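# sequence and predicted structure below; questions after.
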Amino acid sequence: ETGVTQTPRHLVMGMTNKKSLKCEQHLGHNAMYWYKQSAKKPLELMFVYNFKEQTENNSVPSRFSPECPNSSHLFLHLHTLQPEDSALYLCASSHPSSGRPPDTQYFGPGTRLTVL
Amino acid sequence: QKEVEQDPGPLSVPEGAIVSLNCTYSNSAFQYFMWYRQYSRKGPELLMYTYSSGNKEDGRFTAQVDKSSKYISLFIRDSQPSDSATYLCAMSAASGGSNYKLTFGKGTLLTVNP
């Protein structure tokens, strides 16, 4: 497998369920990201991990819980979600640098989440 | 005022047409301007990026930035059905340690009809 993979591709869950989204990157990158993409809205950055350490939490509700066990894997644990959390959840990775231009982020195909 | 404004379309053009996609922004700190392409059921992929003002050309694609007007454009010449996708503009101030922070537009859905 190459690039950034995400599983599952589709997920339907009830508001009381607990589920997890998985992301794996095969690019040797050290930074990983979770984004939320809702219809008619811009991509929203949720979390950023650099070298397994969380460096950004963009005021995300606690019902979303990220986990980064190593630089290649990223999880998003979901519990007690609301119907408005239904969206496409995208994972991305990059090779972080302090230089410019901004790091190119490589996206996975996303998990389409529906909360009933 | 939203930081980045992008008309979501949809935009439908015949094959061979010249397509113009645009974004406006309000944050004068933005220095890097990117265009991502997102095919249906796929994640976004970087198409082009431009630093500061000016033009950049890559094959049939030209990116333009006018910082004085806070306006960026992506032109697609000789459009093909394979160009049908959602095009997202993204911008970054890339200052300090936050060079990963991208601010996206909503995306414009483009359909090129054969």
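Looks like it arrived, so ask away.

# residue numbers of chain B in contact with chain A?
B:4, B:6, B:8, B:31-32, B:34, B:41-46, B:49, B:51, B:88, B:90, B:92, B:94, B:97, B:99-107 (C-beta under 8 Å from any C-beta of the partner chain). Every residue, glycine included, has its C-beta placed from N, CA and C.

# restricted to buried residues, select those residues in ChimeraX.
To isolate the buried subset of those in ChimeraX, counting by 16 or more other C-beta atoms under 10 Å in any protein chain shown, use the following:
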select /B:4,6,31,32,34,43,44,49,88,90,92,94,99,100,101,102,103,104,105,106,107
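
# who is the residue most central in space within chain A paired with across the strands?
The centre of chain A sits closest to residue A:34, judged by C-alpha atoms, centre = their mean, with a distance of 2.5 Å. Beta-bridge pairing for residue A:34 (DSSP bridges): residue A:47, residue A:91.

# make sure it is actually in contact with residue A:87.
No - at 11.3 Å, residue A:34 does not count as touching residue A:87 under the criterion of C-beta atoms under 8 Å.

# may I have the phi/psi pair for the residue of chain B found nearest chain A?
Relative to chain A, the nearest point of chain B is residue B:43 (3.1 Å; C-beta to the nearest C-beta). Main-chain dihedrals, residue B:43, degrees, to the nearest 10: phi -80, psi 160.

# which residues are in contact with the nearest residue to it once chain neighbours are set aside?
The spatially closest residue to residue B:43, leaving aside those adjacent along the chain, is residue A:107, at 3.1 Å (C-beta to C-beta, 6 or more residues apart in numbering or on different chains). Counting by C-beta atoms under 8 Å, 6 or more residues apart in numbering or on different chains, residue A:107 touches A:4, A:35, A:90-92, B:43-45.

# what number of residues are in the vicinity of residue A:59?
6 (other C-beta atoms under 10 Å in any protein chain shown).

# can you pull out the strands in chain A?
A:4-7, A:10-13, A:18-25, A:31-37, A:44-50, A:53-57, A:64-70, A:73-79, A:87-94, A:106-107, A:111-115 (DSSP state E).

# can you check what angle separates the fifth one from strand A:53-57?
Translated: strand A:44-50. Angle, strand A:44-50 to strand A:53-57, by axes from the mean of the first three to the mean of the last three C-alpha atoms, to 10 degrees: 160 degrees.

# can you name every helix or strand that strand A:44-50 contacts?
strand A:31-37, strand A:53-57, strand A:64-70, strand A:73-79 (3 or more C-beta pairs under 8 Å, 6 or more residues apart in numbering or on different chains; DSSP states H and E).

# buried ones in the shortest one?
Neighbour counts over strand A:53-57 (16+ other C-beta under 10 Å) mark residue A:56 as buried.

# before we move on, what about stretch A:34-44?
Those would be A:34-37, A:42-44, for stretch A:34-44 by 16+ other C-beta under 10 Å.

# same question for stretch B:49-62.
Buried residues in stretch B:49-62 (16+ other C-beta under 10 Å): B:49-50, B:61-62.
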